[in-house]
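> okay, sequence plus prediction incoming.
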Amino acid sequence: MQNTPHLVSDVMTQTVAAVDREARFKEIVETMEQWQVSALPVLAGEGRVVGVVSEADLLPKEEFRESDPDRLEQLRRLDDVRRAGALTAGELMTGPALTVRANATLSQAARTMARGSVKRLPVVDAHGVLQGIVSRADLLKVFLRSDDDLADEVRYVVGELFTVPVKDLRVTVVDGVVTLSGRVRDTSLIPVAARLVRAVEGVVDVEFDVNAPAAARARTPMAGPQR
């Protein structure tokens, strides 16, 4: 059993395609095609991440090919107009890049992605040097944990909270949904148990079927998913 929280280092991809600031437009496109990625970290010096260049940064070159934007559109889309005439990764990139450390939790990485509206984050060390990359899909890997693995961890978490014999409080997990059933002496701990169980990475939801008042047994909704 691996206790949570999982870290970015547990799920990140260590082999990463990247380009330097002087990489030319066509080289960027070729690298994306070769590695089947939609964005690339841009590096300077000894591998320090200074930005990210994505397909969205490249598209203005094609968008404005046949006609120049009018004055109003130029003012409204200054960055895109600038990128339409750019030739190198340093000119095209979005910077500074949003990054994350390898020892960050998956929830911290998810919040950074959500706030920045990005699909992936370069993983860097204390000096900003590239170590890997983590994507939205990587963060969802915790939901691939087996029900048995989740049940083991939930039993441990619950056992630390409720001082009851194992036979009195049963843990079952089906498709990531945890059900706690049986008898508990202190029903005031049920909301605490709900928070602790939902903090176990890979748990989809938690339900209770215990000898508690109806209000305590009621299912507490999970927070909405991040986009």
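Cool, got the structure. This structure is a prediction, so every number in the text was calculated from the model and none was measured.

> what about the residue nearest the centre of the chain, which helix or strand?
Most central in the chain under C-alpha atoms, centre = their mean is Ala110, positioned 3.5 Å from the mean C-alpha point. Counting by DSSP states H and E, the element that carries Ala110 is helix 106-116.

> I'd like the next helix or strand past that helix.
Remark: after helix 106-116, the chain's next helix or strand is strand 120-124, criterion DSSP H and E.

> pull the residues that contact that next one.
Strand 120-124 is contacted by residues 8-9, 12, 16, 39, 41, 48-49, 52, 97-102, 109, 112-113, 130-136 when judged by C-beta atoms under 8 Å, 6 or more residues apart in numbering. All C-beta atoms are positioned from the backbone trio N, CA, C, and that covers glycine.

> now do stretch 102-112
Outside stretch 102-112, the residues that reach it (C-beta under 8 Å, 6+ apart) are 5-12, 98, 100, 121, 123, 125, 131-132, 134, 139, 142, 201, 226.

> flag every buried residue along it.
The neighbour-count check on stretch 102-112 (16 or more other C-beta atoms under 10 Å) flags Ala102, Ala104, Thr105, Leu106, Ala109, Ala110, Thr112 as buried.

> ramachandran coordinates for the first one?
Read it as Ala102. phi -70, psi -30 (degrees, to the nearest 10).

> residues contacting the nearest residue to it once chain neighbours are set aside?
Spatially, and ignoring its direct neighbours in sequence, Ala102 is nearest to Ser9 (4.0 Å; C-beta to C-beta, 6 or more residues apart in numbering). Ser9 sits next to Ala102, Asn103, Val123, Gly132 when contact means C-beta under 8 Å, 6+ apart.

> what is the nearest of the residues you listed to Val210?
Closest approach between these and Val210, by C-beta to C-beta: Asn103, at 36.7 Å.

> how is the closest one assigned, secondary-structure-wise?
Under DSSP: H, G, I helix; E, B strand; the rest coil, Asn103 falls in the coil class.

> pLDDT score assigned to it?
Note on Asn103: pLDDT of 95.

> distance of it relative to Leu7?
From Asn103 over to Leu7 the distance is 6 Å, taken as C-beta to C-beta, to the nearest Å.

> with Asp148 instead?
Counting by C-beta to C-beta, the gap from Asp148 to Leu7 is 22 Å.

> how about the closest residue in space to Ala89 that isn't next to it in sequence, phi and psi?
Residue nearest to Ala89 in three dimensions, not counting chain neighbours: Ala23, with 4.3 Å by C-beta to C-beta, 6+ apart. Main-chain dihedrals, Ala23, degrees, to the nearest 10: phi -60, psi 130.

> pull out the buried positions in the longest helix anywhere in the chain.
Longest helix in the chain by number of residues (criterion: DSSP state H): helix 147-161. Across helix 147-161, burial judged by 16+ other C-beta under 10 Å covers Leu150, Ala151, Asp152, Glu153, Val154, Arg155, Val157, Val158, Leu161.

> which residues in this protein form strands?
Taking DSSP state E as the test, the strands found in the chain are 19-20, 39-44, 48-54, 100-101, 120-124, 130-135, 169-174, 177-182, 205-210.

> just for the chain, where's the confidence low?
Scanning the chain for pLDDT under 70 picks out the ranges 1-4, 64-78, 163-167, 211-227.

> cutoff 80 now
By pLDDT under 80, the low-scoring segments of the chain are 1-5, 62-83, 160-169, 183-187, 210-227.

> just the buried residues of helix 147-161 now: which is nearest Leu59?
Looking across these and measuring by C-beta to C-beta, the closest to Leu59 is Leu150, at 41.8 Å.

> thanks a lot, see you next time.
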